[in-house]
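**Student:** what follows is a predicted protein model with its sequence.
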Amino acid sequence: MIVALEDSVQLPGWASDLRGHDLGAAASSISYPEWVKQVDGIEMVGIAAGTLTTLAYFPQVIATWRARSGRGLTYPMLIILNAGLALWLAYGLLVDSVSIICANAVTLLFASSILALKVWFEARDRRLAHVPEAARIADARGRG
């Protein structure tokens, strides 16, 4: 592919030295990672879908952290979700799909964070259940 600028093309002063040069050769000599070469229009739809569904988990991570509780989330759901995401990630690696790999890797990170927070906060609650009220209040305020 040869792309050359003709004299009739108006260029800004800083780009005038590009006249007569083969710009296609410069562009084709750039070495891209293999996964970048595989991204086409269909894969872009997958990337957009994966981005949106992945971002949907972020508010739940924040809500779980702020509430200092995962009571509204069940262990079976979280465990099945994490297992499914791990399998989707494995599948994406096997079929070499950038959108499936990226979306499920990040979603697995978010979902496993939610599971870890639930475990952490429930362990804290069990520990505090045997502590006198004054110590429990101090711990809730971060002083214990």
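**Tutor:** Structure received.

**Student:** only C-alpha atoms from now on, for both contacts and neighbour counts.
**Tutor:** Noted.

**Student:** buried residues in the longest helix seen in the chain?
**Tutor:** Determined from DSSP state H, the single longest helix within the chain is helix 98-128. Residues of helix 98-128 classed as buried by neighbour count (16 or more other CA atoms under 10 Å): 98-115, 117-118, 121-122, 128.

**Student:** ok, residues contacting the helix or strand that contains Gly50?
**Tutor:** Here Gly50, judged by DSSP states H and E, is contained in helix 41-55. By CA atoms under 8 Å, 6 or more residues apart in numbering, the surrounding residues in contact with helix 41-55 are 97-100, 102-104, 106-107.

**Student:** mind doing that once more with 10 Å?
**Tutor:** 39-40, 56, 97-111 (CA atoms under 10 Å, 6 or more residues apart in numbering).

**Student:** next structured bit after that helix?
**Tutor:** Scanning onward from helix 41-55 (DSSP H and E), the first element met is helix 58-67.

**Student:** now do the helix or strand following that next one: everything it contacts.
**Tutor:** Going down the chain from helix 58-67, the next helix or strand is helix 75-95, by DSSP H and E. If you take CA under 10 Å, 6+ apart as the criterion, helix 75-95 is touched by 96-112, 114-116, 118-119.

**Student:** let's go with 8 Å and repeat that
**Tutor:** With contacts defined as CA under 8 Å, 6+ apart, helix 75-95 is touched by 98-101, 104-105, 107-108, 111-112, 114-115.
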